[in-house]
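Chemist: Sequence first, then the predicted structure, then my questions.
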Amino acid sequence: MSSPADASNWRVLAFLAGMVALWTILCAVSHRAPDLDGMEELVWASSLELGYYKHPPLPSWFMYGLTQFFGRPVWLTFLGAQLFSALALWFIWLLGREFTTPRLAFMVMLITSTCIYFSLRGTIYNHNTVQLWSIAAATWLFYRALRYRKPTTWVWLGAVSALAVLTKYSAVIQFAAFFLFMLRQGSLRDTRNLRGIAWALAAFAVVIAPHIYWLAIHSFQPLRYADSSLAASGYADAYRHILAFTLDQLARISPMLVVWMGWALWHRRRPTTDRSNENKGTRPSSYAGALSPWDRSFLIWVGLAPFLSTVLVSAAMGTRLVASWGTTFFILFGFYALWKMRGDERENLRRIAVLVIAVQVLMAVGYAVGRGPLAWYTGRDTRSMFPGALIAQEMNAVWQKHVPQLPLRLIVSDTWLGGNIAIHTHDDAQVLIDGRYEESPWLSKETALDCGALVVYSRKTKGDPSPALQALYQSGQWQGLAALPWSRPSSPMIDLHWAVIPPTESCRGR
């Protein structure tokens with residue numbers, strides 16, 4: 001016979017598979033193009049680099065692996081993002097099982113899944129979403145490392161923490177939360193923990209070393225980009241960012257609050273009784289009351305520190321904040337429902353499951369309708385309705401008219417427009433981003449243009465082209481202008497300024 005834990009495993013896997021399928025399928029049928037960040041990853045996945053000009057490399061490596069199996073269809077970015085969202089939820093469930101029952105851990109995971117970062121924005125394949133799994137896994141490993149003090153767990157913690165940094169440097173915020181908790185608990189006075197930290201740092205160094213080498217020989221370009229992203233126009237501007245950031249985070253965890261309130265109303269109307277308290281004659285305590293003080297402290301300090309420390313540091317230093325930077329800050333917030341929930345676990349799990357599935361379906365259907373049919377019929381210029389396939393068809397016709405002997409393999413454009421053309425042209429079509437080779441390390445300046453290139457830009461989609469892109473446009477032997485409607489015929493027109501750079505003699509034999 002299977003144990004309750006085994007049954008819970010299958011229920012968790014079934015829910016996660018259903019969530020991935022729900023969001024991926026609805027986004028696939030409602031979107032004609034991926035999100036901007038997803039398109040950027042499809043373009044960057046042209047090759048495996050140790051770093052890219054804006055970010056560390058791990059999400060692009062994962063996308064490279066996915067494209068080797070599936071090519072570059074629009075739906076791939078939605079699937080990839082949801083897979084990492086589901087993997088993060090799996091680690092949150094594993095963490096819950098460390099100090100509570102499988103049912104309660106599943107309940108917490110269900111509540112957490114409705115957070116916008118795991119659901120609606122969990123369809124956007126970017127560094128924030130991909131980082132969810134490694135932050136959740138590192139948190140689980142950190143708990144186990146402090147609890148059981150096994151050297152192997154510390155080593156895994158160091159390696160996974162390095163993967164989190166290789167996804168996005170903001171992982172250090174979570175590490176700061178770990179450090180604050182250790183200070184709070186006095187963990188640094190235990191020599192076993194100090195030895196464990198040494199093991200973790202050694203593993204971290206081994207995994208991160210190749211990227212550190214790349215940073216050194218590329219003048220720490222991504223770090224300089226990250227630093228420029230923090231700049232605000234004085235403290236007043238920074239405080240406005242903090243207020244907007246906080247309100248945005250409240251909105252993005254609001255589906256969790258809806259589930260919590262839905263359960264509270266349900267419980268008030270039809271309370272359930274914890275059978276273990278039936279004969280005690282006292283009001284049953286909340287589920288959190290059964291947790292040890294150490295576990296409650298872990299959830300509070302490690303759970304709240306990322307958001308609070310980010311806001312406090314921003315206020316002190318006068319830096320700006322962007323809403324999506326809070327993606328990994330709320331992975332433990334589902335556990336806070338345990339402070340209020342009580343009663344029969346089986347019945348409460350059923351109620352939470354009903355509420356969560358209803359919220360997930362409503363959000364997914366609403367998002368698909370809003371980004372698909374509604375955006376189409378209103379003629380709005382949303383990225384979801386961008387006619388990438390039609391533009392690619394138009395630009396391929398231009399290319400074949402002037403260079404009929406060769407397929408189109410290189411598009412010189414911005415990431416969004418060039419990427420939309422590339423993914424609908426050939427699996428190996430590449431983009432020279434804004435004409436800048438430093439942003440396109442998969443191309444060699446000496447040979448990239450040997451077999452010609454299509455240069456294209458649109459002021460509607462991005463504005464004026466970069467100087468490098470404009471220079472390559474002017475060097476084209478043939479030039480022209482095409483236009484296509486964004487969605488329906490009455491929608492805004494997309495201007496396509498194109499130029500064809502013909503192949504050279506060096507292309508022969510390649």
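Modeler: Structure received.
Chemist: hey, let's count contacts and neighbours off CA atoms from now on
Modeler: Noted.
Chemist: For my notes, confirm Gln479 occurs in a helix.
Modeler: No. Gln479 is assigned strand when assessed by DSSP: H, G, I helix; E, B strand; the rest coil, not a helix.
Chemist: how many neighbours does it have?
Modeler: If you count neighbours by other CA atoms under 10 Å, Gln479 ends up with 17.
Chemist: which ones are touching the nearest residue to it once chain neighbours are set aside?
Modeler: Once flanking residues are discounted, Gln479 sits nearest to Ala499: 4.2 Å by CA to CA, 6 or more residues apart in numbering. Contacts for Ala499 (CA atoms under 8 Å, 6 or more residues apart in numbering) come out as 454-456, 473-474, 476-480.
Chemist: Can you tell me which of these lies closest to Leu299?
Modeler: Taking CA to CA as the measure, Val456 is the one of those closest to Leu299, at 51.4 Å.
Chemist: Skipping its backbone neighbours, what lies nearest the closest one in space?
Modeler: Nearest one to Val456, counting by CA to CA, 6+ apart, is Trp498 at 4.3 Å.
Chemist: so how far is Val398 from that neighbour?
Modeler: As for Trp498, its distance to Val398 is 9 Å (criterion: CA to CA, to the nearest Å).
Chemist: Tell me how many other residues crowd Thr273.
Modeler: For Thr273, the neighbour count with other CA under 10 Å is 16.
Chemist: and Ala14, that one's in a helix?
Modeler: Yes. Per three-state DSSP, Ala14 lies within a helix segment.
Chemist: what's around it, how many residues?
Modeler: By other CA under 10 Å, 11 other residues sit near Ala14.
Chemist: Same question for Leu188.
Modeler: Leu188 has 14 neighbours, counted by other CA under 10 Å.
Chemist: in the chain, which ranges drop under the pLDDT threshold?
Modeler: For the chain, the stretches with pLDDT under 70 are 1-7, 232-233, 274-284, 509-510.
Chemist: Secondary structure element for the residue most central in space within it, which one?
Modeler: Residue closest to the mean C-alpha point of the chain, counted by CA atoms, centre = their mean, is Thr129 at 1.4 Å. Using DSSP states H and E, Thr129 maps to helix 127-148.
Chemist: Mind listing what's buried along the next helix or strand after that helix?
Modeler: Once the chain leaves helix 127-148, the next helix or strand it forms, by DSSP H and E, is helix 151-167. Using 16 or more other CA atoms under 10 Å as the test for burial, helix 151-167 gives 151, 153-167.
Chemist: show me what contacts Trp93?
Modeler: Listed by CA under 8 Å, 6+ apart, the contact set of Trp93 reads 105-106, 108-109.
Chemist: would you turn the residues you listed into TSV with distance to Gly18?
Modeler: Below are the contacts of Trp93 laid out as TSV (distance: CA to CA, whole Å):
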residue	distance to Gly18
Ala105	18
Phe106	15
Val108	17
Met109	14
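Chemist: Domain ranges for the chain, per the record?
Modeler: Here the domain assignment for the chain is 4-371, 386-507, based on automatic domain parsing.
Chemist: Of all the ones you listed, which one comes closest to Arg380?
Modeler: From the domains of the chain, taking CA to CA, the stretch that ends up closest is domain 386-507, at 6.5 Å.
Chemist: elements contacting the helix ranked longest in the chain?
Modeler: Counting residues, the longest helix found in the chain (DSSP state H) is helix 235-269. If you count contacts as 3 or more CA pairs under 8 Å, 6 or more residues apart in numbering; DSSP states H and E, helix 235-269 packs onto helix 102-113, helix 293-317, helix 345-371.
Chemist: Helix 345-371 and that one, what's the angle between them?
Modeler: Orientation of helix 235-269 against helix 345-371 (axes from the mean of the first three to the mean of the last three CA atoms, to 10 degrees) gives an angle of 130 degrees.
Chemist: So what's the gap between helix 235-269 and the chain middle?
Modeler: Averaging C-alpha positions (CA atoms, centre = their mean, to the nearest Å) puts helix 235-269 20 Å from its chain's average.
Chemist: ok, now which ones touch the nearest residue to Leu163 once chain neighbours are set aside?
Modeler: Closest residue to Leu163 apart from its sequence neighbours, by CA to CA, 6+ apart: Ser134 at 6.8 Å. By CA under 8 Å, 6+ apart, Ser134 lies in contact with 88, 160-161, 163-164.
Chemist: neighbours around Leu312, how many?
Modeler: 12.
Chemist: right, and the helix or strand after the strand or helix carrying Ala422?
Modeler: According to DSSP H and E, Ala422 maps onto helix 415-423. Once helix 415-423 ends, the next helix or strand along the chain (criterion: DSSP H and E) is strand 430-433.
Chemist: ok, Asp464 to Val43 distance?
Modeler: In this view, Asp464 and Val43 are 21 Å apart by CA to CA.
Chemist: what does Thr167 give?
Modeler: 17 Å.
Chemist: Pull the distance from the helix or strand Gln82 falls within to the chain's centre.
Modeler: Using DSSP H and E, the element containing Gln82 is helix 75-99. Averaging C-alpha positions (CA atoms, centre = their mean) puts helix 75-99 11 Å from its chain's average.
Chemist: Buried ones in it, by neighbour count?
Modeler: Neighbour counts over helix 75-99 (16+ other CA under 10 Å) mark 75-97 as buried.
Chemist: Return the distance of Met256 relative to Ile357.
Modeler: Noted for Met256: a distance of 12 Å to Ile357, by CA to CA.
Chemist: Same check on Arg11?
Modeler: In terms of CA to CA, Arg11 sits 13 Å off from Ile357.
Chemist: and those two? which has more neighbours close in?
Modeler: Higher neighbour count among Arg11 and Ile357: Ile357, with 18 against 13, using other CA under 10 Å.
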